[in-house]
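1. fold the following.
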Amino acid sequence: MYLYKKRKKTLLYAAAIVITIVAFWSFKDGDDFKIAKSLDIYYSLFRDVNIYYVDETDPETMVENSIKAMLEKLDPYTIYIPEKDKDDFDFMVTGQYGGIGALIRNNGEYPIVAQPYKGFPADKAGLKAGDIILEIDGMPMNDYKITEVSDRLKGIPQTKLKLLIERPYSSEKIEKEIIREEIKISSIPYYGVVDESIGYIRVTKFTPDVTGQVKDALRTLKAEHQITSLIVDMRGNPGGLLNEAPKLCNLFVDKGEEIVSTKGKVKKWNQTLKTTDFAYDTEIPLIILVSRGSASSTEIVAGALQDLDRAVILGQKTFGKGLVQTSIPLSYNAQVKVTTAKYYIPSGRCVQALDYTHRNEDGSVGHVPDSLISEFTTKNGRKVYDGGGITPDISIKAEKLSQLSISLIVQNVIFDYATKFAYENPTIPGIKDFDITDEIYKEFIQFALLDSFKYETQSETELLEFEKIVKREKYYDRAKDELDNLRAKLVNDKETDLKSFKPEVVQFLRDEIVGRYYYEGGQIQTNLKDDIQLHKAIEILKDQKQYKSILSSDFVNIEQLGMKMSMLDGKLDEKSKQNDKALYWKSAIN
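-> As a prediction, the model looks like this:
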């Protein structure tokens, strides 16, 4: 009887595969036989494994895993979206969902509130960062994954839910009744004036109304602060809607300019997107801040404004995602987001790294072979290159975090101290006036040491690996004393390191504490105090001669120059190489 029920259940899933085979077979001639043959094999394998495998199987999960494995072989961005993940996907694209308006995270046995969004239901109900979520609608949350907790908090707008929370450092248990709302997170969490008449706008995603938000912010900055130049911060912006990129460029570039074109295998995906309206301001000096996390639509805006010599790009080389995805609906409310085209910016460059295999750990562009790099020119004749990502006009090396700071962040030591600080201090001075005093930092050190956090420096890790090699090669007895002496010198002293890395740790500590009182906008504002990239941008905008020279045909981008030299090494004879290099270096020095 068991085998019969299992066979019946499996055949129901397999029937869908059979229908798919028939559909493929009747679609067209040519490669169809290979498709039908492969699907037939898959159907047979799926049926027999589910019927005869020794343990119980989950056919739905097996199919979903096989789909994901298949798509991973194509590129990193073609993905399957089952019905249960549709809300998260919609939020990623539109910034909208139904819920309470708060970030949550794991921290011990129960989930906690990481950050309530200002003005949304969680905030209006009085939830605070650090609050422990014990129950949702009477259901204990200690056995649930964070994604499952998130699903329970989301729901149809105007529906109610009840939370039982525990407030840290008070042992107070509080019941909260919250009415869900449509949550629409702004693409611009902060804008303001950063130095005299220099405006600043932070853009975090490309949602349907991002251009309108930027325009409103710019209009306000001009009317209320009479700004004469502008910094648009797109660091870490992962992109979003493709059609918003030309619209955003159109604020600064006049009607009729080509911003991006898409080219794919299927002709209907080929299109050229141009600016369609008169620009809001074609003259205001403009700097775009980018980082390795800036991707997709962000790279179109930065790359197009660079190609049109409309803005100076400053920061780190961008992510390198130049592939267009189209969402195609499937049965049972599932979707597939499939790569249908590549996009090209005005100079003809493709932002996509042509070789997917050479990536950094975070997925951004890593090493690109010289053979895959081609030269292009901007509107003013400046030399730019493809190969993946947008190389800034002015490169600012990203600061590397110490292992100490990483451990304090990952192990929630800084977060937990900020929770304690906020409980003990109902208010703090304004954002510009608040700082981490010596007294506050001394208290933090004691808190961190009592927390017993753990961390291991890279030196210690490398030494441990070296010891394993020495033992394997049977040199350990001979080198033991030297290794012990070295280990003694390298072993971290937490208190000493907390003092040594104080300037770095203070930035994260100040950011977390300010967020408890002034939300995300406050965090961004306080971070700008020590922002090296921002200060460099301000320096350039205050020197208009320097700004204009960067956008002129005589400007030589040092990082681009390195790429050019690499290309020259493989194409010119020795004498020509030396002459060409000398000319480039002379130009760069001047």
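2. tell me which residues touch R152, please.
-> Neighbouring residues of R152 by C-beta atoms under 8 Å, 6 or more residues apart in numbering: 136-137, 139, 141, 144, 161. From N, CA and C alone the C-beta is placed, and that goes for glycine too.
3. state the pair within these that is farthest apart.
-> Farthest-apart pair in these is Y144 and L161; separation 14.4 Å (C-beta to C-beta).
4. hang on, the earlier thing: mind putting the contacts of R152 into CSV with pLDDT and secondary structure?
-> Below are the contacts of R152 laid out as CSV (pLDDT from 0 to 100; DSSP: H, G, I helix; E, B strand; the rest coil):
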residue, pLDDT, secondary structure
I136, 96, strand
D137, 94, coil
M139, 94, strand
M141, 94, coil
Y144, 88, coil
L161, 94, strand
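5. can you tell me which of those has the most neighbours?
-> M141 (20 neighbours; other C-beta atoms under 10 Å).
6. my guess is that one meets L134, correct?
-> Yes - if you go by C-beta atoms under 8 Å, M141 and L134 touch, sitting 6.5 Å apart.
7. which residues do the two both contact?
-> Between them, M141 and L134 share these contacting residues under C-beta under 8 Å, 6+ apart: Y110.
8. regarding the chain, what is its longest helix?
-> Ordering each helix of the chain by length in residues (DSSP state H) puts helix 502-527 first.
9. and that helix, what does it pack onto?
-> strand 111-116, strand 190-195, helix 403-410, helix 413-424, helix 438-451 (3 or more C-beta pairs under 8 Å, 6 or more residues apart in numbering; DSSP states H and E).
10. which residues are contacting the first one?
-> By C-beta under 8 Å, 6+ apart, the residues outside strand 111-116 that reach it are 101-106, 122-123, 127-133, 141, 144, 146, 149, 165, 415, 515, 519-520.
11. with the second one instead?
-> Contact partners of strand 190-195, identified using C-beta under 8 Å, 6+ apart, comprise 199-202, 217, 220-221, 225, 227, 231, 520-521, 524-525, 528, 534, 538, 542.
12. show me which of those residues are buried.
-> Using 16 or more other C-beta atoms under 10 Å as the burial test, the contacts of strand 190-195 include 199-202, 217, 221, 227, 231, 520-521, 524-525, 528, 534, 538 as buried.
13. still on that earlier bit, quick one: which of the contacts of R152 is nearest L45?
-> The closest of the contacts of R152, once distances to L45 are taken by C-beta to C-beta, is Y144, at 34.2 Å.
14. measure the closest one to S150 for me?
-> The gap separating Y144 from S150 is 10 Å, by C-beta to C-beta, to the nearest Å.
15. and D48, what does it touch?
-> Going by C-beta under 8 Å, 6+ apart, D48 touches no other residue.
16. look at it and report its pLDDT.
-> If you check D48, the pLDDT there is 90.
17. if we can go back for a sec, including distance to T340, could the contacts of R152 go into TSV?
-> As requested, these are arranged in TSV below (distance: C-beta to C-beta, whole Å):
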residue	distance to T340
I136	40
D137	42
M139	42
M141	40
Y144	37
L161	39
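18. hmm, back to that, which among the buried ones among the contacts of strand 190-195 gets closest to I35?
-> R202 (47.6 Å).
19. who does that closest one bridge with?
-> For R202, the beta-bridge partners are Y190, D233 (DSSP bridges).
20. do L286 as well
-> Here L286, judged by DSSP bridges, has bridge partners L230.
21. look up how far V384 lies from it.
-> For L286, the distance to V384 - C-beta to C-beta - is 17 Å.
22. equivalent analysis for S261, please.
-> For S261 relative to V384 (C-beta to C-beta), the value is 16 Å.
23. and for A311?
-> Counting by C-beta to C-beta, the gap from A311 to V384 is 13 Å.
24. for the protein, what helix or strand is lowest in average pLDDT?
-> helix 574-589 (a mean of 38; mean pLDDT, DSSP states H and E).
25. more crowded one of A311 and V384?
-> Between A311 and V384, A311 has the larger neighbour count (other C-beta under 10 Å), namely 25 against 22.
26. what are the phi and psi values for that one?
-> For A311, the backbone dihedrals (degrees, to the nearest 10) come out as phi -150, psi 150.
27. quick check, it in contact with L251.
-> No - between A311 and L251 there is no contact under C-beta under 8 Å: 11.1 Å.
28. okay, now Q403: neighbour count?
-> Per other C-beta under 10 Å, the neighbour tally for Q403 reads 18.
29. could you find the closest non-adjacent residue to it?
-> Leaving aside its sequence neighbours, Q403 sits nearest to T457 (C-beta to C-beta, 6 or more residues apart in numbering; 5.1 Å).
30. ok, G119 next?
-> In this structure, G119 finds its nearest non-sequential neighbour in G101, 7.9 Å apart by C-beta to C-beta, 6+ apart.
31. residues in contact with that neighbour?
-> For G101, the contacting residues are 116-117, 119-123, 181, 183, by C-beta under 8 Å, 6+ apart.
32. separation between it and D209?
-> For G101 relative to D209 (C-beta to C-beta), the value is 18 Å.
33. what about K474, how many neighbours?
-> 8.
34. quick one: secondary structure of it?
-> Counting by DSSP: H, G, I helix; E, B strand; the rest coil, the backbone at K474 sits in coil.
35. go on, Y343?
-> Secondary structure, three-state DSSP: Y343 is strand.
36. shouldn't it be in contact with I259?
-> No - using C-beta under 8 Å, Y343 makes no contact with I259, being 9.7 Å away.
37. identify the contacts common to those two.
-> With contacts taken as C-beta under 8 Å, 6+ apart, Y343 and I259 have I300 as neighbours in common.
38. on the pLDDT front, check K128 for me.
-> pLDDT at K128 comes out at 95.
39. going forward can the numbers begin at 31, since that is how I track them
-> Yes, from this point I'll number from 31; that puts the last item at K158.
40. distance of it from V143?
-> Distance, K158 to V143, by C-beta to C-beta: 7 Å.
41. of these two, which one has the most company?
-> V143 (22 against 18).
42. what's the closest non-adjacent residue to the more buried one?
-> Spatial nearest neighbour of V143, chain neighbours left out: D161 (4.5 Å); criterion: C-beta to C-beta, 6+ apart.
43. and for P376?
-> Using C-beta to C-beta, 6+ apart, the nearest residue to P376 is D337, at 4.1 Å.
44. so the one you found sits against R379, correct?
-> Yes - using C-beta under 8 Å, D337 is in contact with R379, at 7.4 Å.
45. so which bits of stretch 411-418 are buried?
-> Result for stretch 411-418 [16+ other C-beta under 10 Å]: buried residues 412-418.
46. for these, give me TSV that also has secondary structure, pLDDT and distance to D307.
-> As requested, the buried residues of stretch 411-418 are exported to TSV (DSSP: H, G, I helix; E, B strand; the rest coil; pLDDT from 0 to 100; distance: C-beta to C-beta, whole Å):
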residue	secondary structure	pLDDT	distance to D307
R412	coil	95	27
K413	strand	93	31
V414	strand	93	27
Y415	strand	89	31
D416	coil	85	29
G417	coil	78	33
G418	coil	80	32
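47. does K484 touch V443 like I think?
-> No - using C-beta under 8 Å as the test, K484 is too far from V443 to be in contact (10.4 Å).
48. ok, G266 - how many residues close by?
-> Neighbours of G266 using other C-beta under 10 Å come to 17.
49. can you check T177 too?
-> Per other C-beta under 10 Å, the neighbour tally for T177 reads 10.
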